[in-house]
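In: no letters, just coordinates:
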C-alpha cells in the first residue's frame, strides 16, 4: 500500500508540475524562458517588483527544476553585480535555479577574465540580456573614494580596485553615489564595445542594461 500511495502522489505531483499548478511551476507564473532582450528585462523587472513588495514567489527552486536543468541550462540573463552580500541577484530579481548567470566582482570592476565570464552567456548560450547592476552605498566604491581622497594606497590587490574606479572618481568628483552610477555606465559602454558582444547588440539579439539597486527600498531602476 505505501508503494501504491507514493506512486499515486508522484504521478499527481508530476501532473501538477506539467500543468503549471504548483507554486514553482513555470506556466502558472509566466516563468518560461524569454528569448528576446526586452522580454528578459521585463521578467527581471517583474521579479524585482515582487521582491521589493515582499511578495516573492521563489520560482524554480524545487526538485523538478533541479532535474530540468541538470543536463542543460538556458539562463535568460547575465547579471554582473557587486560581491556585496546584500545584493544577491537571484534574490533581488526573485529568480531561481538556471534562470541567471551571476558574475560578481567588487563594484563591478572588470578585467579580461571577468569580461569573458560575462560574454559566455550571450556567446555560448544565446542569453539575450546582460544587466550591469550597481547598488546604493557600495562598500568597494566608498573605500576607493576614501583612498583617493586621502591619497593612500590600499594593501595587496585591493589597490587594483581603487585604480579601476579612478576614472569614475574623477568624473563624479569624488561623490560616492555618483561614482556608482558612472562606473555602471562605463562598464555597460565597455561591454557594448567588446568584439564578441557588439555584433549581437547591433543585430538586436542582445541588450546590455545598466541598473541601480536601492538597499533602502529593494527596488531596481534602469540607468542606461
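Out: Cool, the structure landed. These numbers were taken from a predicted model, which means no experiment stands behind them. Numbers count the residues shown, from 1 in each chain.
In: from residue 102, how far out is the closest residue to residue 81 other than its chain neighbours?
Out: The shortest distance from residue 81 to any non-neighbouring residue, by CB to CB, 6 or more residues apart in numbering, is to residue 133 (4.0 Å). Heads up, the C-betas are built off the backbone N, CA and C, glycines and all. Look at residue 133 and residue 102: by CB to CB, to the nearest Å, they are 10 Å apart.
In: who touches both of the two?
Out: Among the neighbours of residue 133, those also in contact with residue 102 (CB atoms under 8 Å, 6 or more residues apart in numbering) are 79, 81, 89.
In: show me the contacts for the second one.
Out: Residue 81 makes contacts with 87, 89, 102, 103, 104, 108, 131, 132, 133, 135, 213, as judged by CB under 8 Å, 6+ apart.
In: what count of nearby residues applies to the last one?
Out: Going back to what we said before, that points to residue 213. Residues near residue 213, counting by other CB atoms under 10 Å, number 26.
In: same deal with the third one?
Out: Per other CB under 10 Å, the neighbour tally for residue 102 reads 17.
In: one more: the one 5 residues further on?
Out: Other residues lying near residue 107 total 28 when counted by other CB under 10 Å.
In: name the nearest residue to it, ignoring sequence neighbours.
Out: Nearest to residue 107 is residue 140, by CB to CB, 6+ apart, at 3.8 Å.
In: quick one: that neighbour and residue 160 touch, right?
Out: No: applying CB atoms under 8 Å, one finds residue 140 not in contact with residue 160, separated by 11.0 Å.
In: overlap of the contact sets of those two?
Out: Once CB under 8 Å, 6+ apart is applied, the residues that residue 140 and residue 160 both contact turn out to be residue 109.
In: those two: which is more packed in?
Out: The residue with the greater number of neighbours, taking residue 140 and residue 160 and applying other CB under 10 Å, is residue 140; the counts read 22 against 13.
In: average pLDDT for the host helix or strand of the more buried one?
Out: With elements taken from DSSP states H and E, the one containing residue 140 is helix 139-150. Taken as a whole, helix 139-150 has a mean pLDDT of 98.
In: who touches it?
Out: Contact partners of helix 139-150, identified using CB under 8 Å, 6+ apart, comprise 82-84, 106-107, 109, 152-154, 158-159, 161-162, 165-166, 168-169, 174, 176, 179-180, 183.
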